[in-house]
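**Student:** need a structure here:
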Amino acid sequence: MALPDKEARFMAIVNDNRSLLYKVCHMYASDKEHFRDLYQEVLANIWEGIGGFRGEAAVSTWIYRIAINTCVTFFRHHNRHDSSKTYLDMAYDIEDDNGERNERLREMYRLISRLDKIDKAIILMWLDERSYDEIAEVTGFTRNNVATRLHRIKQRLAENSSRNE
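**Tutor:** Numbers count the residues shown, from 1 in each chain. Coordinates of the predicted model:
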């Protein structure tokens, strides 16, 4: 792929999927600097992989796979597993007096941010209304395993939410 074509394709993919990229990186980041590092790492991996993307999956599925794998790998290599508070925790700790819906959203994201890396990815994709098949394709699990994991994740989130009341 010629460099101008690669650049144009890269920019189109990033622009079309910017909110997805931000969401995944925010879900794994512990602060603004960490978010920027993750985001740059994801962009670098998209750049590296763009020539090999054959279009067998949806672009968004490919982007999810790269973003999630990059974030999980980044944690492993930079010993960030023990981060007790994620960037989302900090973002949703900010007082916002826009009503009950915002409070419920903050609580939901706070609970999700405490899940392990894979469960966080699964619930994030489910909240983005991705099909079980697409989640399975990104994670490498079977469709049935995704369904089972989602059921357990939802139960855990509900239990943790009710403990706080």
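
**Student:** CA only for contacts and neighbour counts going forward, please
**Tutor:** OK.

**Student:** Tell me which residue is most central in the chain.
**Tutor:** Val24 (2.6 Å; C-alpha atoms, centre = their mean).

**Student:** Model confidence score at it, please.
**Tutor:** We have a pLDDT of 89 for Val24.

**Student:** Can you verify my assumption that it contacts Asn69?
**Tutor:** No: Val24 is beyond contact range of Asn69, at 10.4 Å (criterion: C-alpha atoms under 8 Å).

**Student:** any idea which helix or strand carries the residue nearest to the centre of the chain?
**Tutor:** Using DSSP states H and E, Val24 sits within helix 18-28.

**Student:** Give me the contact list for that helix.
**Tutor:** The contact list for helix 18-28 (C-alpha atoms under 8 Å, 6 or more residues apart in numbering) reads 35, 38-39, 42, 63-64, 67-68, 71, 86-88, 113, 117, 120-121, 124.

**Student:** Can you name the residues in contact with the helix or strand just after that helix?
**Tutor:** Beyond helix 18-28 on the C-terminal side, the first helix or strand identified by DSSP H and E is helix 32-49. Contacts of helix 32-49 with the rest of the structure, by C-alpha under 8 Å, 6+ apart, involve 10, 14, 21-22, 25-26, 28-29, 63, 66-67, 70-71, 74, 87.
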